[in-house]
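Novice: sequence and predicted structure, then a few things I'm wondering about:
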Amino acid sequence: MSSAGIQIRDLSMTYNGKSGEPITALQNINFDIREGEFISLLGPSGCGKTTLLRIIADLLKPSSGDISILGKTPREIRLQQKYGIVFQSPVLYDWRTVRRNICMPMEIMKIPKKERTARITKMLEVVGLEDFGYKYPFELSGGMQQRVGIARALALDPDFLLMDEPFSALDEFTREKLNEDLLNIWSKDKKTVIFVTHNIPEAVFLSDRVVVLSPHPGRVSAIVDIDLPRPRKNALREEAIFYEYVAKIRKSFEGV
Amino acid sequence: MEITKKDRRIVTAVWVTGFFVLWELLAFLIQFVMRVPMANTKIPYFHTVVGTIAQNWQSLLKDSAITFSRAAIGFALGAAVGIILSIIMSLSKMVEKIAFPYLIISQMIPILGLAPILFNIVRDMDTARTIIAAYITFFPVSVNMLSGLKSVEQEKKDLLYSIATNKFNIYYKLMIPASLPYLFTGLKITAPMAVTASILVDMLGSSSGIGVELLYSLYSSSTDVFWAAVTASAILGIFSYYVIVFIEKLSLPYKKNMPQKGADSQ
């Protein structure tokens, strides 16, 4: 494999629990992520999937092991502002309108004002919130707030999109709708997406590959290629082949 | 439950009438039921106080304005010090641990004792007054602002960290705006306190101000004037509170109609 993309080598993460005993959150993680790939980190709570994402984002330091992103360290990638991140909660700034929320990281990255305005308008269109630009976050539903968070990350036009269970707080209908929307957005420029989830159908529906993690200690128990044709629509969820993938991944959890 | 505009008007109407009735009743009680000697020099009827205010409104207004403007300067100074202190403390845990006991001790010293000492040091009434008003303001402002700064969710900071935001921008774009509701809670508590402090310093030998009016009326047993001055003081305190509420409404438009969070509960 070339040096492009992301390589994770012998990554382990140990931290001290409440009573001081060491807890292994991640043990010997090894896998590669190709450029332009949509990859999911899937597993039950406590499997370290969020920890792994936060290490890639340089929000946490691993205890041992290496990560190389485009041949650079996660810290270099963060300092070069190469990734956008979406959290489980929308993380909106209450005192800013939707437009100014999307604008915030661009202000910090010193993107010219004209360019910012253009990108905000475009992103609002992409996430279907054209009419809500001048609303405050509290005036929006949970699903709309999460869209603002996604628009904000996309507006940076990052090389990588890191998503930490972005839809887990939403109801099933909104989640499926946003899954499809996310694929539409992604299909336009095929950025590398690392998507953390505990929802098997969601991982199958979205991903090129699913990295299945098992808990205690967190480790990779399977990597499943999802060879479903794109573009994928929600109707795909009813097809037999979709179920097969879901069943296959579910099985990989057995005996854990 | 939601309070409508109409409900609010009812509350105000009941409050004002209730206040008036209670005062008149109290004055009546001590005069005719308890038969306190010279009752009208202790608690006069509210309507006579209103009469006195109407008669002396010019001097009351002038003295109120003097006291209030001095309180305002001290308040602004104290608020600024409080805000800066809270930011420094939030930047360094060590500074917080070192500074906090001093701040607590500073609040243990009674203002009544501190004011004359301070006056003897600076030898200037206006400086003393400003410092005392600032002194009484800075602590609640600082403590509220600090808890605001500490309440910012980790993910909001992570998001800025993820694009390598510097400390200045983290404070300027996130920490300070996020703490404003807490700051305003502190300001609403301290604004009337700063007015009280200013009145107190008036009484320590100033030549003008509502506190002087209070003191002289006490010496000369002109109870009506005393109560008129007390009423004016109360109005000043309430006014100072609502000035802050007004500024808060202007600067935090997003809080309008927003489900109230813990920040605003006093």
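Specialist: Looks like it came in fine.

Novice: need the residues of chain A near chain B, please.
Specialist: Of all the residues in chain A, those in contact range of chain B (CB under 8 Å from any CB of the partner chain) are A:57-59, A:78-81, A:83-85, A:87, A:89, A:91, A:93-96, A:104-105, A:107-109, A:136-138, A:156. C-beta here means a position set from N, CA and C on the backbone, and glycine is covered the same way.

Novice: count of neighbours near residue B:62?
Specialist: Neighbour count for residue B:62, taken as other CB atoms under 10 Å in any protein chain shown: 15.

Novice: doesn't residue A:228 lie inside a helix?
Specialist: No: checked against DSSP: H, G, I helix; E, B strand; the rest coil, residue A:228 lies outside a helix; its state is coil.

Novice: dump the residue contacts of it.
Specialist: Residue A:228 makes contacts with A:204, A:236, A:241-242, A:245, as judged by CB atoms under 8 Å, 6 or more residues apart in numbering or on different chains.

Novice: any weak-confidence spans in the chain?
Specialist: With no chain named, the answer covers chain A. A:1-3, A:255-256 (pLDDT under 70).

Novice: my question was about chain B, not that one.
Specialist: Chain B contains residues with pLDDT under 70 at B:1-2, B:256-266.

Novice: so where's the longest helix in it?
Specialist: helix B:57-91 (DSSP state H).

Novice: so which other helices or strands are in contact with it?
Specialist: With contacts taken as 3 or more CB pairs under 8 Å, 6 or more residues apart in numbering or on different chains; DSSP states H and E, helix B:57-91 sits against helix B:93-108, helix B:125-150, helix B:176-202, helix B:210-219, helix B:223-251.

Novice: need those in JSON lines (columns: distance to residue B:58 and mean neighbour count).
Specialist: Shown next, in JSON lines, are these (distance: least, CB to CB, whole Å; neighbours: other CB atoms under 10 Å in any protein chain shown):
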{"stretch": "helix B:93-108", "distance to residue B:58": "38", "mean neighbour count": "12"}
{"stretch": "helix B:125-150", "distance to residue B:58": "23", "mean neighbour count": "23"}
{"stretch": "helix B:176-202", "distance to residue B:58": "18", "mean neighbour count": "24"}
{"stretch": "helix B:210-219", "distance to residue B:58": "12", "mean neighbour count": "20"}
{"stretch": "helix B:223-251", "distance to residue B:58": "12", "mean neighbour count": "18"}
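
Novice: could you dump those helices to a markdown table with distance to chain A?
Specialist: Shown next, in a markdown table, are these (distance: least, CB to the nearest CB, whole Å):
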| stretch | distance to chain A |
| --- | --- |
| helix B:93-108 | 19 |
| helix B:125-150 | 12 |
| helix B:176-202 | 5 |
| helix B:210-219 | 37 |
| helix B:223-251 | 9 |
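
Novice: ChimeraX command for the buried members of the contacts of residue A:228?
Specialist: Per 16 or more other CB atoms under 10 Å in any protein chain shown, the buried members of those correspond to this ChimeraX selection:
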select /A:204,236,242,245
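
Novice: name the residues of the longest helix of chain B that come out as buried.
Specialist: B:60, B:63-64, B:66-68, B:70-75, B:77-79, B:81-83, B:85-87, B:89-90.

Novice: what does stretch A:106-120 give?
Specialist: Buried, per 16+ other CB under 10 Å, within stretch A:106-120: A:106, A:108, A:111, A:116, A:119-120.
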